[in-house]
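Participant: give me a model of this one.
(one chain, ligands or ions: 1)
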Amino acid sequence: HAYTTVPDLIGAMDPSFISYMKNSIKFVMKTSGFGDTFIDEMVMGALRTNYGQNTDIPGFVGAVSIAGVQPGLWAVKGGNKQVPEKLVSEAQVQVIQGTVVSVQLLQYQGKNYRVGFFDAEKKEQFKDYDIVIVATPLHDEVSEIDFEDFPSSIENFPQQFHKVTATFVEGVPDPKYFGVDNADDLPNSILTCNDSILVNSQDKKADVFGNPTDVYKFFSNTPPSEDDVKQMFTSKKDIRMATFMAYPEYSTVGEDLPPFVLHDQLYYVNGIELAASAMEMSSIAGKNVALLAYNHWHGNLEKIDEPYLDPALEKDKTEL
Ligand SMILES: CC(C)=CCC/C(C)=C/CC/C(C)=C/CSC[C@H](N)C(=O)O
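Facilitator: This next block holds a predicted model:
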């Protein structure tokens, strides 16, 4: 079964998730009986770590964020990057390295869409397809794809993305910066719960095989200055920094989310990120879009949106 909108997919998992999307996590947790201290410290700490934001964000992404700070999370030995690598090898697909710049609706040819892209040698190329699935966020400052000759225009969606900086330092942290006297008292993970603090969270990293390292990673909503890093670490061997558009800015609740279908056989996976951005959510959306494309292609319309009701189970119902 597949769904054409994000709320329909999420509501099919559990109808109460719809109200989570329409209210802030603060409201959802308060009305579920949680106290202010738990919300302002634990929930806020989880939100700053995972989304660099605060407890005004919608309850659904807030709940995903709390799921992300529970014990028992796991990673793939050798690195999570193997997930997409194995998807490609298992599916035996042909990967073309390049940057997609346009999708054009074809009116009279055998195929439906013409995809324009710059290949690895920066040469412009075009290829025609029956089905196109966009799996990159269609938002300003994240991607730029022109959709040409569609009966109604397809533009980037209006929501902004949240810029975050991940700083990796191989070195010795200054325990005093975090309010403790000696290094042994410094926890491996520090989640901060105050919007005005530079550091959203800090973590002592293991390598991708689980071996301990002397590398610390901290997230911040603005890039740290050299002086900031000097105050945080008494010595450092190496420092790397990456600033990136990490996930949506979840400032408003109850806003319209992008659909999974942009045109007849043109699909969009990343709308799910406006409900909650996580690789787990992308897997769910990816599977939904694959099923949607399959069901459309084979005319299985009863397997789209409205859950299929077995007529045999309907026999007890009588006409009004
Ligand atoms: C969708 C479900 C059921 C679970 C996902 C829970 C999860 C792992 C959420 C975190 C998602 C996220 C955006 C993480 C950002 S990086 C933060 C990470 N803890 C780190 O320190 O690198």
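Participant: just checking, what packs against the lengthiest helix in the chain?
Facilitator: Longest helix of the chain, by residue count under DSSP state H: helix 279-297. Helix 279-297 sits against helix 6-13, strand 132-134, strand 266-268, with contacts defined as 3 or more C-beta pairs under 8 Å, 6 or more residues apart in numbering; DSSP states H and E. Glycine gets a C-beta too; all of them are placed from N, C-alpha and C.
Participant: which bits of the chain sit near the ligand?
Facilitator: 49-50, 64, 67-68, 73, 203, 247, 277-278, 280-281 (C-beta under 6 Å from any ligand atom).
Participant: out of these, name the ones that lie in helices.
Facilitator: Per DSSP H, the residues of the chain next to the ligand map to helices at 49-50, 64, 67, 280-281.
Participant: from those residues, keep the buried residues only.
Facilitator: 49-50, 64, 281 (16 or more other C-beta atoms under 10 Å).
Participant: still on that earlier bit, who touches the longest helix of the chain?
Facilitator: Helix 279-297 has contacts (C-beta atoms under 8 Å, 6 or more residues apart in numbering) with 1-4, 6, 9, 64, 80, 83, 130-131, 133, 135, 260-261, 264-265, 267-273, 275, 300-301, 303-304.
Participant: make a ChimeraX selection of whichever of the residues you listed turn out to be buried.
Facilitator: In ChimeraX syntax, the buried subset of the contacts of helix 279-297 is picked out as below (16+ other C-beta under 10 Å):
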select :1,2,3,4,6,9,64,131,133,260,261,265,267,268,269,270,271,272,273,275,303,304
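Participant: can you tell me the SS state at Val215?
Facilitator: strand (DSSP: H, G, I helix; E, B strand; the rest coil).
Participant: in a markdown table, list the helices and strands packed on helix 279-297 along with mean pLDDT.
Facilitator: A markdown table is the format used below for these (pLDDT from 0 to 100):
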| stretch | mean pLDDT |
| --- | --- |
| helix 6-13 | 93 |
| strand 132-134 | 98 |
| strand 266-268 | 98 |
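Participant: ok so, going back, export only the CA atoms of the longest helix of the chain, formatted as CSV.
Facilitator: Provided in CSV are the C-alpha atoms of helix 279-297 (Å, rounded to 0.1, in the frame of the first residue of the first chain):
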residue,chain,number,x,y,z
MET,A,279,17.8,8.4,7.4
GLU,A,280,15.1,6.1,8.9
MET,A,281,12.4,8.5,7.7
SER,A,282,14.1,8.7,4.2
SER,A,283,13.9,4.8,4.0
ILE,A,284,10.2,4.9,4.8
ALA,A,285,9.6,7.6,2.2
GLY,A,286,11.8,5.8,-0.4
LYS,A,287,9.8,2.6,0.0
ASN,A,288,6.5,4.5,-0.2
VAL,A,289,7.5,6.2,-3.4
ALA,A,290,8.8,3.0,-4.9
LEU,A,291,5.4,1.3,-4.1
LEU,A,292,3.5,4.4,-5.4
ALA,A,293,5.4,4.3,-8.7
TYR,A,294,4.8,0.5,-9.0
ASN,A,295,1.1,0.8,-8.2
HIS,A,296,0.5,3.7,-10.6
TRP,A,297,2.4,1.9,-13.4
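Participant: hang on, the earlier thing: which of the ones in helices among the residues of the chain next to the ligand lies closest to Ala91?
Facilitator: Closest to Ala91 out of those is Glu280 (19.3 Å), distances taken as C-beta to C-beta.
Participant: which stretches of the stretch 101-250 of the chain form strands?
Facilitator: Taking DSSP state E, counting those that start in this stretch to define them, one finds strands in the stretch 101-250 of the chain at 113-119, 124-129, 132-134, 146-148, 161-173, 189-191, 199-206, 212-220, 233-248.
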